[in-house]
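Engineer: Build me a model:
(3 chains)
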Amino acid sequence: MQELIKAHRELVENEDLVLPGLQSCQGCGAALAMKLALAALGPRTILAMPASCWGVIIGGYPYSALKIPVVHLPFATAAVAASGIRAGLDARGEKDVEVVAWAGDGGTYDIGLQALSGAAERNADILFVCYDNEAYMNTGIQRSSATPMGAWTTTTPSGALKQEPKKDMEKIMLSHYVPYVATASVSFPDDLVAKFKKAKTIRGTRFIRILAPCPPGWRIDSAKAVKVTRMATQCGIFPLYEVVDGKTRVTVRPRVKVPVRDYLAAQGRFSEMTDGMMESVQSWTDVRLKDLEEAEARS
Amino acid sequence: MDSRKRSRSAHKVDFKSWRDFTPMNTSVGTMLHNLTGTWRYVKPCYEDKTPACQNACPAGNDIEAFIKLIQKGDYENACRHLKCEEPFPAVLGRVCFGFCEAACNRRVLDEGISIRELERFVGDHGSPALRFPEPAEEHGKTLAVVGSGPAGMSAAYFARLLGFRVTVFEKEPEMGGILRLGIPAYRLPREVVAREFEGLRAMGIRLIPGTAVGSDIPIERILKEHDYVFLGTGVHASLPLNLAPGAPGPGILSGLELLRKTALNEPVDAGPRVVVVGGGNTAVDAARTLVRLGNEVTVLYRRTMDEMPAHHEEVRDAQEEGLTFRFLASPAGLLLYENGRIRCVLCREMELGPPDRSGRPGPVESDRTFELEADTVVSAIGEAPLFDYLGGRLPAENGVLAVGDDLRVHKIEETPAVVYAGGDIIDIPHTVVHAVAAGKRAALAMDCDRLGIAWPEVLEEIRTGDGGALSFSRYRGLPPLNPVRMNLRKVVRHEDMVTDYFMEAPRVPANRSEADDRRNSFAPVSRTFTPDQALDEANRCLHCGRCTECNNCLVFCPDLCVLPRGDGRFGYEVDYDYCKGCGICSVECPRNAVTMVDEETPVDLYNLITPINENFP
Amino acid sequence: MKQVIKGNHAVSQGVRLCRVQVVSAYPITPQTSIVEEISELCAQGKLDAEFIKVESEHSALAAVVGSQTAGVRSFTATSSQGLLLMHEVLHWAAGSRLPIVLANVNRAVGPGWNIWADQLDSLSQRDTGWIQIYCESNQEVLDSMILAYRLAELLYVPVMLTYDAFFLSHTSEVVDVPESGEVDAFLPPYDPLFFLDVENPRMFGGMIGPEHYYEERYKMHKETLDALFRFPEICGDFKSRFGRSYDLLETYRTEDAEMILATAGTITSVSRLAVDRLRGEGKKVGLMKIRMFRPVPAEQWRKALAGARKVVVIDRNLSSGHGGVFAGEVKAALYDLDRPPRVYSTVAGLGGRDVTSEDVAGIAEHFLEHDDKEPLYWGLKKGEPCRN
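Structural biologist: Next comes the predicted model:
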């Protein structure tokens, strides 16, 4: 058989780090992201979790769906609290436990950005994971600076769709000269698992942003969550790459390519985009892809 | 991990006092008590379906299963799975038209699977004596089969498996019908046919060659001495070429006759320049045979290659062997020497016009002609059955026997014999696999007749896909290769697959001999795949509609509800306590083996099929 | 060993003696030298701690929340705007039951930028669940650091110790700095009840519904109130080892006082001088020093003040729209007495304006003669306005 997915091995090896009974919606990309990430990271992992969907998904007091230590934190503080946990673990001599900040796009791009920048500049030895569903989904689909151009949200409703392009979080992280920055997708599990495993071997601030679909927020059928996310990479809007010590490498070159338009048309949140906007997005995507290719060529 | 245990280990705490509360807001248990399965309204069900190849196969061969067994290196079982639906893979692998390949979903990705090469491989590697399932216990009913071609042998084979006592009457000295006397040895070696027939004989089927029903044994006796009769006498009469001047004389041969003589090593008076008229397999077979006998051969066909009934591969091979094809040409007349021998064929150029009865563009005469020098003309424009042996006992219309949906011809009043017919003598396409399918259908029908089961009800249960193929396995209640629920009727086509998950890989080419070598002998034109080649090609199969335990469902379930069944058991189970019915598993299954069904549908994932005749009293 | 050190230095010595393992702070005048000194101690190897140099105070406390949850003794220090910025995390730390110690230099709240002594910064955090201790001298600051860790780790309640900007932070006083060994005997290593442990994985914090929140908060409140019993016990142990006495409050010459002044911070020191002078003049005036402010030692305040007819509370803070914070709290505590003394409120010294012993004596004399219902804003410029 020539299957493309091998990640089931890690999933079976590290099964039971996540147990069902999750409070996530049907088809939740964040739940899938956690499952895959923990399969790669293993049980000697501690999560620093600010307010986000996972703050609810994990369950309410006194129950937890995760079999690893997790501490909930004020919204803005994921990166710095993680940095503190790391200092504490180091003081206790527990060097082989990984500290992971697990934040949504709000806790990364917006309210959490300052603390993240501080931690990154200090090269704090943490793995910062942003599971990006492209809006403040937990509070009911409000726009964030990670919301893409043209998207409907409750604060960018009909007639006032988000005009601004999505912030480039990887470039922001790279401006701090951290040793590892990567994008990952729940639709490419082997790539995601490989990146987490690699991140574990690096010391300093590591940043991985996972594209995690949200069926209610993206206005898609829950069954299509993985497919639509795959299209994001196949159309070039969400390329999969990593930058190790400043050297860029594209890690997945999808065999199947789709036009940006198809990706946008597959989601209700883009249903009011004009043709002009779609063309903007296509050319914006083309420019960024070219940048990425050039960055890789220079590396 | 037995998922059934997970919800059992759920517990909820009930703090009675503020003192019970944990310091530092810490958790004390899991979320297993949160049975999120109550949220859903549809649920996933592992359901194997019929792939496009099996759907296209007139015999309904379980192609996916036998290929999977090749991948496991289990050639014996691969052979068994094929032999559940057709009697001789070594034959069909060499001569079948390959409707399966034309429908193969992989064509959309890169190239379709060489299914026939794999079938041939399995036929050559599985022992011919192998029969699966074991023949049922004899129930005393008898079947006489008239004609040992593919239709008759198929009826004999399946009837034997169903417990009939079978006798096959063949008028020619050698068994096999068209397999032995119609298809040239370079396509279907005699040894292969003989090997398969040995296997059939070893099953307990009585084979009686050199005995013509009609002349050696009157049809009355057959009808009287047997409970059931199957007529598979095939085609023998070539349609005549109506060429001026007058009746054909020396130098005009029938294609069928030519092939028969060659097969029996009888001399053929033809050539050295021969014109073969026709576009079907008989024409091409006759032409290539003539080439091997040292002649210079031209084939005249009144339409183009696109409309030719013959397989394009045959045409290509023939051209490589030195045959010339003149398309859009039809013989208009013969120019003779004084002694009556043919000097040349007068040919008329044709054009394509509007579609005719066959659905293809009709040939339209132009006013241009040309001459082809030739010594012999071979007529291969069509063949018809001969029904003299029936002595008028059974009705023939338009040159074929009229049969019902169950292929029954007639119940004869004076004798209890129920008569069925199949193959080229009924109105079905003239291919070996259609004949095989007919034989199988008749055998199943006669078993239903024997048991008093209504045929339409059985059809409902055993139809495969949306064509006319029937599943013998389903009739006998044989478990499918994957021990999961099987929906035979649902067909999986390429648009139902997620080809994103597959990598491109080139098709393994057949081991064809060089054209020069081929044209000089009747040795087989290609060799069977080696085991390595078979594995490489089998590995390209996408297993459409059938679970291969690829783990996509397990990997992509956000709620950890897809678990391997474990303990060496096949497949997965869904933890319905928590499954939210999101549908991701179904959409991400690359091969459409997971169906979302209504929540109310009882899902017994592993209810294996029980035999039909145990369901009916 | 006796040294002449500034208040901020007393704090950093306290951090060293308590063997803190993780420090995180952001500089703000007048806390900065704490931060600088701790950096030096770490660099010199005198303090085996990691100092996380964060980009804001909100992050500073969050970092320490992280390290303390990981089971390690941690510390932060700030003042004024920084404390205000930490507000969300102050609530979080207390609710998480983390025994963090925070040193806050009491500095005025902006706008405008006033860097001098004022108590509103810490007082406006009084609902966050932190134990609050108000210090009068650099010795007290150092001793309170040590007492704070012992108390915090006993109760799993964080402790904020406060002292006045510049009057203590940047003023040198004689401080008897204990030896490490002595402190180790008094303050054992932190042995947390729960911490982030991969061998015993749990979730900390998280969603909590109406069916559980009440009890968790009640438990926190109840266990914080225990400080009223545990602190005196701890102080007793401290006295036996180090010879210095501390308690929930202190009284000075209150036995037969008709009027008792209530003060917190450095105003207390000059108030002692004022009391002596007034006593010298035959006036029966005493002083209650507010040390522990949260939890409220209401019972102890009542006992200390019940005998007087008048209580004058001097607030170096003004809660806009309300008045002096200490005055309000003292009044509320005394309400339960059958015949509570009258409480008079004075606001003085906001934003670092000096309050001398003459000022305190003047305040006392004013209330000896008057029965103002309105608070007295001592020193407020009340002349004819020169502008309309």
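Engineer: use CA for all of it now, contacts and neighbours both
Structural biologist: Fine.
Engineer: per-residue pLDDT, the closest residue to A:C53 other than its chain neighbours?
Structural biologist: Leaving aside its chain neighbours, A:C53 sits nearest to A:N138 (4.7 Å; criterion: C-alpha to C-alpha, 6 or more residues apart in numbering or on different chains). Per-residue pLDDT puts A:N138 at 94.
Engineer: I'd say B:A10 and B:M31 touch.
Structural biologist: Yes: with contacts counted by C-alpha atoms under 8 Å, B:A10 reaches B:M31, the gap being 7.3 Å.
Engineer: Tell me who's in contact with C:S137.
Structural biologist: Applying C-alpha atoms under 8 Å, 6 or more residues apart in numbering or on different chains, we find C:S137 in contact with C:G7, C:Y163, C:L168, C:E173, C:T266.
Engineer: secondary structure class for the second one?
Structural biologist: The one in question is C:Y163. Classification of C:Y163 using DSSP: H, G, I helix; E, B strand; the rest coil returns strand.
Engineer: Quickly list what it is bridged to.
Structural biologist: On the basis of DSSP bridges, C:Y163 is bridged to C:V105.
Engineer: next one: the fourth one
Structural biologist: Residues found in beta-bridge contact with C:E173 (criterion: DSSP bridges) are C:I5.
Engineer: Looks like it contacts C:K6 (just checking).
Structural biologist: Yes: between C:E173 and C:K6 there is a contact under C-alpha under 8 Å: 6.2 Å.
Engineer: what is in contact with these two at once?
Structural biologist: Here C:E173 and C:K6 have C:N138 as joint contacts, going by C-alpha under 8 Å, 6+ apart.
Engineer: neighbour-wise, which of those two wins?
Structural biologist: Per other C-alpha atoms under 10 Å in any protein chain shown, whichever of C:E173 and C:K6 has more neighbours is C:K6, with 23 against 17.
Engineer: where exactly do the helices run in chain A?
Structural biologist: A:8-13, A:29-41, A:53-57, A:78-92, A:113-121, A:169-174, A:189-200, A:215-218, A:225-234, A:260-265, A:275-298 (DSSP state H).
Engineer: pLDDT averaged over the last one - what is it?
Structural biologist: Per-residue pLDDT over helix A:275-298 has a mean of 94.
Engineer: Report pLDDT for B:S526.
Structural biologist: You'll see B:S526 listed with a pLDDT of 93.
Engineer: now do B:F616
Structural biologist: Reported pLDDT for B:F616: 37.
Engineer: what does C:G66 give?
Structural biologist: Reading off the model, C:G66 has pLDDT 98.
Engineer: and the angle for the helix or strand containing it with helix A:113-121?
Structural biologist: Taking DSSP states H and E as the definition, C:G66 sits inside helix C:57-69. Here helix C:57-69 points in a direction 60 degrees away from that of helix A:113-121 (axes from the mean of the first three to the mean of the last three C-alpha atoms, to 10 degrees).
Engineer: which element follows helix C:57-69 toward the C-terminus?
Structural biologist: Next element after helix C:57-69 (DSSP H and E): strand C:74-79.
Engineer: Report the rounded mean pLDDT for that next one.
Structural biologist: 98.
Engineer: Any stretches of the chain with poor pLDDT?
Structural biologist: Using chain A here. A:1-4 (pLDDT under 70).
Engineer: wrong one, I was asking about chain B
Structural biologist: Using pLDDT under 70, the flagged stretches of chain B are B:1-4, B:128-133, B:244-249, B:604-617.
Engineer: and it, which of its residues are near chain A?
Structural biologist: B:25-36, B:500-503, B:539-540, B:550-552, B:554-561, B:578, B:580-588 (C-alpha under 8 Å from any C-alpha of the partner chain).
Engineer: Buried ones among those?
Structural biologist: B:25-36, B:500-502, B:539-540, B:550-552, B:554-561, B:578, B:580-588 (16 or more other C-alpha atoms under 10 Å in any protein chain shown).
Engineer: So which of the residues you listed belong to helices?
Structural biologist: B:N552, B:L554, B:V555, B:F556, B:I584, B:C585, B:S586, B:V587, B:E588.
Engineer: before we move on, back to that, and chain A, is the helix holding C:G66 touching that?
Structural biologist: Yes: for helix C:57-69, a contact with chain A is found by C-alpha under 8 Å from any C-alpha, at C:H58, C:S59, C:A60, C:A62, C:A63, C:V64, C:V65, C:G66, C:S67, C:Q68, C:T69.
Engineer: name the helices or strands packed onto the host helix or strand of C:V141?
Structural biologist: Following DSSP H and E, one finds C:V141 within helix C:138-155. Packed against helix C:138-155, as judged by 3 or more C-alpha pairs under 8 Å, 6 or more residues apart in numbering or on different chains; DSSP states H and E, are the following elements: helix C:7-17, strand C:101-106, strand C:159-164, strand C:172-176, helix C:227-242.
Engineer: Put together a markdown table for those, with mean pLDDT and distance to B:A318 on each row.
Structural biologist: Output for these, formatted as a markdown table (pLDDT from 0 to 100; distance: least, C-alpha to C-alpha, whole Å):
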| stretch | mean pLDDT | distance to B:A318 |
| --- | --- | --- |
| helix C:7-17 | 97 | 96 |
| strand C:101-106 | 98 | 94 |
| strand C:159-164 | 98 | 97 |
| strand C:172-176 | 98 | 110 |
| helix C:227-242 | 98 | 103 |
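Engineer: among those, which is nearest B:Y186?
Structural biologist: strand C:101-106 (94.5 Å; C-alpha to C-alpha).
Engineer: buried stuff in that closest one?
Structural biologist: By neighbour count with 16+ other C-alpha under 10 Å, strand C:101-106 contains the buried residues C:V101, C:L102, C:A103, C:N104, C:V105, C:N106.
Engineer: what angle separates it from helix C:7-17?
Structural biologist: 180 degrees.
Engineer: and strand C:101-106, what other elements does it pack with?
Structural biologist: strand C:74-79, helix C:80-85, helix C:120-123, helix C:138-155, strand C:159-164.
Engineer: ok, residues contacting the shortest one?
Structural biologist: For helix C:120-123, contacts defined as C-alpha under 8 Å, 6+ apart pick out C:79-81, C:83-84, C:104, C:106-109, C:162, C:316-319, C:325.
Engineer: Quick check: the residue nearest to A:C53 vs A:A103, distance?
Structural biologist: Relative to A:A103, A:N138 is positioned 12 Å away (C-alpha to C-alpha, to the nearest Å).
Engineer: Name the residues contacting each of these two.
Structural biologist: Contacts common to A:N138 and A:A103, judged by C-alpha under 8 Å, 6+ apart, are A:S52.
Engineer: Would you mind telling me which of these two has the busier surroundings?
Structural biologist: Neighbours per residue (other C-alpha under 10 Å) separate A:N138 from A:A103, with A:A103 holding more: 30 against 18.
Engineer: residues contacting that one?
Structural biologist: Going by C-alpha under 8 Å, 6+ apart, A:A103 touches A:M49, A:P50, A:A51, A:S52, A:A78, A:F128, A:V129, A:C130, A:Y131.
Engineer: rerun at 10 Å
Structural biologist: Applying C-alpha atoms under 10 Å, 6 or more residues apart in numbering or on different chains, we find A:A103 in contact with A:47-55, A:75-79, A:109, A:112, A:128-132, A:209.
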